[in-house]
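A.B. asks: Have a look at this prediction, sequence included:
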Amino acid sequence: LEDHGLEVTTAANAQQAFQVLGSIQPDLVISDIMMPGMDGYQFLQQLRQMEAHSHLPVIFLTAKGMTADRIQGYRAGVDAYLPKPFDPDELVAVVDNQIQRSRAVSLPAVVARELDSIRQTLAELTPSSQSSGATGTAKLEPHASQPPPIQVDLTQRQREVLEKVAEGLMNKEIAKQLNVSVRNVEKIVTSLLNKTGTSTRTELVRYAITYGLIDL
């Protein structure tokens, strides 16, 4: 897949996969069925219950090739099913097809939810207008940032990415504007989440505004 220009992030099991999904927004998930601990069916069931990732296309790669196994996979909500051994070119074709279909159908809704959440955060934390007597003119109260509970030192690049996140941009848009790779943006966002002790982009923006890490 990487030879065809796709960026791949791997996980050894379902638990690690959920940790990865907590910091990135992939276009697609490829999973085996037989895994240590949680199997592919259980992983898919939990994935479909996660609002942020329920839309993701999922491809099962497995040595199981019986019809009953494929039916179980489709009933679990898998989008494509390739029994091993498979032709690598077929995998690439299936991945490309699933990504294109997903972008056409669900990406606008995902972006809209992300933007709405960040807009709500900005609306709650930006200065509010107050009435000034009978004239009805508005007076803006200055926004006073609080000192962060922990020392947060940001590099120039981290600050640039943080500002783009606060604008509601997704990783690919940020990468394009800053002329860096998507993978690099993902690593920076993960670092920002770790530094601030937040778990979502919305929480990150709220933290950044509250503690003055970015200018409004």
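C.D. replies: Structure's in. What do you need? This one's a predicted model, so the numbers in the text were calculated from it and none came from an experiment.
A.B. asks: Quick check: phi and psi on Met170?
C.D. replies: Taking degrees, to the nearest 10, you get phi -90, psi 170 for the backbone angles of Met170.
A.B. asks: where do the helices sit along the protein?
C.D. replies: Using DSSP state H, the helices of the chain run over residues 14-21, 40-48, 67-76, 88-105, 107-125, 156-166, 171-178, 182-196, 201-210.
A.B. asks: residue contacts, the residue nearest to the spatial centre of the chain?
C.D. replies: Closest to where the C-alpha atoms of the chain average out (Cα atoms, centre = their mean) is Gln25, at 2.7 Å. If you count contacts by Cβ atoms under 8 Å, 6 or more residues apart in numbering, Gln25 has them with 52-53, 110, 170-171. To be clear about C-beta, it is placed using only N, CA and C from the backbone, and glycine gets the same treatment.
A.B. asks: So for Ile59, which of the helices of the chain sits nearest?
C.D. replies: helix 88-105 (6.2 Å; Cβ to Cβ).
A.B. asks: Please work out how many residues are found near Met192.
C.D. replies: In this structure residue 192 is Leu, not Met. For Leu192, the count of nearby residues is 23 (other Cβ atoms under 10 Å).
A.B. asks: wouldn't it be in contact with Lys164 here?
C.D. replies: No. Leu192 is beyond contact range of Lys164, at 11.1 Å (criterion: Cβ atoms under 8 Å).
A.B. asks: so where is this structure shaky, pLDDT-wise?
C.D. replies: 2, 4, 64-66, 102-150, 215-216 (pLDDT under 70).
A.B. asks: domain ranges for it?
C.D. replies: 2-109, 146-216 (automatic domain parsing).
A.B. asks: Centre of the chain to the shortest one, how far?
C.D. replies: The offset between the C-alpha centroid of domain 146-216 and the centroid of the whole chain comes to 13 Å, using Cα atoms, centre = their mean, to the nearest Å.
A.B. asks: quick one on the thing from earlier: how about the helices of the chain in CSV, adding distance to Val8?
C.D. replies: Formatted as CSV, these follow (distance: least, Cβ to Cβ, whole Å):
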stretch, distance to Val8
helix 14-21, 11
helix 40-48, 18
helix 67-76, 21
helix 88-105, 10
helix 107-125, 20
helix 156-166, 22
helix 171-178, 15
helix 182-196, 10
helix 201-210, 22
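A.B. asks: Deepest in the core, which of those helices is it.
C.D. replies: Counting by mean count of other Cβ atoms under 10 Å, helix 201-210 has the highest mean neighbour count of the helices of the chain, with a mean of 21.
A.B. asks: Can you list the buried residues in stretch 22-33?
C.D. replies: By neighbour count, with 16 or more other Cβ atoms under 10 Å as the criterion, the buried positions of stretch 22-33 are 23-33.
A.B. asks: Which of those sits closest to Tyr41?
C.D. replies: For the buried residues of stretch 22-33, the minimum distance to Tyr41 (Cβ to Cβ) is 6.7 Å, reached by Ile33.
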